[in-house]
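>>> Give me a 3D structure for the following:
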Amino acid sequence: MRKVLTLCAAALLLAAAYAPQEQQEQVETQEQEAVTTYTMEQFMETISISGGSFSPDESKLLVSSNESGIYNAYVVDVATGERTAVTESTTDSIYAQAYFPHDERILYTSDDGGNENYHLFVLEPDGSVTDLTQGENTREMFAGFSHDLRSFGTLNNMRNPRFFDLYEWDIETLEPILVYENNTGLDPAAFSPDRRWLALSRTNTTNDSDLLILDLEGGGEPMLISEHEGEATFFAMDFSIDSRYLYYTSNLEGEFASLWRYDVTTGEHEGVYSADWDVSFAYFSHDGTYRVVGVNEDGYTSITITETATGEEVELPELPPGQIGGVSFSRSEELMRFYVSSDNSPRNLFIYDVAANEVRQLTDTLNPEIDANDLVASEVVRFVARDGMEIPGPLYRPIGASAENPVPALLWIHGGPGGQSRPFYSAERQFLINHGYAVFAVNNRGSSGYGKTFLAADDQRHGREPLWDCVDAKDYLRTIDWIDPDKIGILGGSYGGYMVLAALAFEPEEFDVGVDIFGVANWVRTLQSIPPYWESFREALYREIGNPETDMEMLRATSPVFHADRIARPIIILQGANDPRVLQVESDDMVAAIEANGGIVEYVVFDDEGHGFSKSANRIEGFEAVLEFLDRYLKGEGE
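Residues are numbered from 1 along each chain as shown. Modelled structure (predicted):
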């Protein structure tokens, strides 16, 4: 268990833009050509693949793929790229976790209808399945194999629904042993190879956390190793192969997180790696030969692979344009799997043969009916908000949009609230762009990736400053000659859905339409009904949004459902019936309130979804409804 899962989870003054040269050239070429339009069903024929656990003999990779219309576990042949389904669920998504280290048993997780109570299952080679999780409402997460490959770890809340305990399972007997009993909300974050040290994290606020370490052999209580003044984050990454150093990231000494290490024998801290952006992750290959570090550079992931013995960086052969992610070495350290993706190229799986210095692409996930030249790459643009804060985000220009042919536009608001819109392939986004809508995926204040000051700038300001950023983003779009200044809407999911509702309720004359996908309408109800397993960061959530016991007046003032009488523009709302985060009753109440005041609202409920889409058929139905709504009320092609 080298790694343990961390829980969680006015006026325009200036505009600046950056886009790689190949993107600019692509736009110039596309403007001269006609674009084929595609259906949402065609876009959903593009396959989404994730994961990639090596089989014991390293000849295969275990992945998750939605090519059947729902996520199932598949095996990919490393030599040929041939893909074979090993599960055949038609109801609930199955997410592949790992091969067992010495045989071809498989671990996977699945929940019930999107309720997020994930159970852990063992799939035997003969097809029989065992549910390892006890209790219908228990949530269990795979936490990796031990370094000696004799056991694996899980986190579950069976004993106490509020907290996750760490268990170690013998791979032969499948009997669990309690390693750490969590009674105080300290989340297990990393386990040393020698099984002695357990790193624990404590979330205080969005921008402040603590790191502790527990000596499992010496007994005693967890020891705080992140004493600091003011707010700073500390996140455990991985232990060194000799178990002497705990590697972690922290933004204690600046706006951005750097990589540090803590010596468990001396208690000393040492800086290891820093950049002008956040170090997002760092980990070691199985025997410590390689260290992988990922940096979030303005929304693009930059990967550095270092040979630990020499300190030299590994030079990969030339790769297709895009971002590298999902890097993982096989246990022999002879192979490395990774993904490459971009706005106009969906995620594809690659293998790097270290000795041969050779890269092979194993998948081609784009639907062959879609011409990649009809897809659009973004450019990162910036504008200055009314109070002087610079706001960034990817901007997508539909093919053929020009001063002579201006197009309607949508603000695309991410979830979170501390999420980040980044340049990556999105079937839904490309579908709308392909049908003539510009998209600005604005990263309003409170988004991650731009420093701790920017991240904290929305705390207890929801419905105000972050929303004003969206209004200012709309004003920025109106200065672009290829955008129709009189046809600008706002779209978002989860927290982004809240921003849509807030925009239409609190700034009712600013946006022409709204598209709310699984969005919060009532902060009071949402905060009073959070899942019990969010306990470890409940107080941090209250600090971010508000406390329903002490901030009721503020929460009602910032909840759109109590101000629906102000909504004057058309809106479509999508909702999952099994959503455990934003209960359906919130959207029901919002729709009823809008209708009671004579507003225009369309409502689509998915009986077999939770918080977000897991089924391709529902994504097709949902976004076909969205496009029809936008064509009618934003483009004005209907009544």
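>>> And for stretch 547-566, what's in contact with it?
Here stretch 547-566 makes contact (CB atoms under 8 Å, 6 or more residues apart in numbering) with 460, 462-464, 498, 501-502, 504-506, 508, 520-524, 527-528, 542, 545-546, 567, 586, 589-590, 593-594, 596-597, 599. Where you see a C-beta, it was placed from the backbone N, CA and C, and this is true even at glycine.
>>> Quick check on these: which are buried?
Applying 16 or more other CB atoms under 10 Å to the contacts of stretch 547-566, the neighbour count classes 462-463, 498, 501-502, 504-506, 520-524, 527, 542, 545-546, 567, 586, 589-590, 593-594, 599 as buried.
>>> Mind jotting down where the strands sit in the stretch 501-639 of the chain?
Secondary structure of the stretch 501-639 of the chain (DSSP state E, counting those that start in this stretch): strands at 514-517, 571-576, 601-606.
>>> Quick check: mean pLDDT of the last one?
Looking at strand 601-606 alone, the average pLDDT works out to 96.
>>> Equivalent analysis for the second one, please.
In this model, strand 571-576 has a mean pLDDT of 97.
>>> same question, the shortest one
When the per-residue pLDDT values of strand 514-517 are averaged, the result is 98.
>>> That strand pairs with which strands, parallel or anti?
According to DSSP bridges, strand 514-517 has the following sheet partners: strand 483-493 (parallel), strand 571-576 (parallel).
>>> mind listing what's buried in the last one?
Using 16+ other CB under 10 Å as the burial criterion, the residues of strand 571-576 that qualify are 571-576.
>>> Tell me which residues are up against it.
By CB under 8 Å, 6+ apart, the surrounding residues in contact with strand 571-576 are 114, 500-501, 504, 513-519, 582, 584, 587, 590-591, 594, 599-606, 609-612, 622, 625-626, 629.
>>> just stretch 578-598 next, same as before
113-116, 494, 497, 501, 516, 518-522, 525-526, 529-531, 560-561, 564-565, 567, 571, 573, 575-577, 600-601, 603, 605, 607-611.
>>> Convert the C-alpha atoms of that stretch to CSV, please.
Taking C-alpha atoms only, stretch 578-598 is exported to CSV below (Å, rounded to 0.1, in the frame of the first residue of the first chain):
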residue,chain,number,x,y,z
ASN,A,578,-30.3,9.3,-7.0
ASP,A,579,-28.0,12.2,-6.4
PRO,A,580,-26.7,12.0,-2.8
ARG,A,581,-25.1,15.5,-2.9
VAL,A,582,-27.8,17.6,-4.6
LEU,A,583,-31.1,16.0,-3.7
GLN,A,584,-33.7,15.9,-6.4
VAL,A,585,-36.1,17.9,-4.1
GLU,A,586,-33.8,20.9,-4.6
SER,A,587,-34.4,20.9,-8.3
ASP,A,588,-38.1,20.0,-7.9
ASP,A,589,-38.5,23.1,-5.6
MET,A,590,-36.5,25.3,-8.1
VAL,A,591,-38.7,24.2,-11.0
ALA,A,592,-41.9,24.7,-9.0
ALA,A,593,-40.8,28.2,-7.9
ILE,A,594,-39.9,29.3,-11.4
GLU,A,595,-43.2,27.9,-12.9
ALA,A,596,-45.2,29.6,-10.1
ASN,A,597,-43.8,33.0,-11.3
GLY,A,598,-44.5,32.3,-15.0
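>>> Centre of the chain to it, how far?
Offset of stretch 578-598 from its chain centre (CA atoms, centre = their mean, to the nearest Å): 25 Å.
>>> H102 is in contact with F145, isn't it?
No: using CB atoms under 8 Å, H102 is not in contact with F145; the gap is 10.3 Å.
>>> Identify the contacts common to those two.
I171.
>>> who's more crowded, those two?
Set H102 next to F145 and count neighbours by other CB atoms under 10 Å: F145 wins out with 24 against 11.
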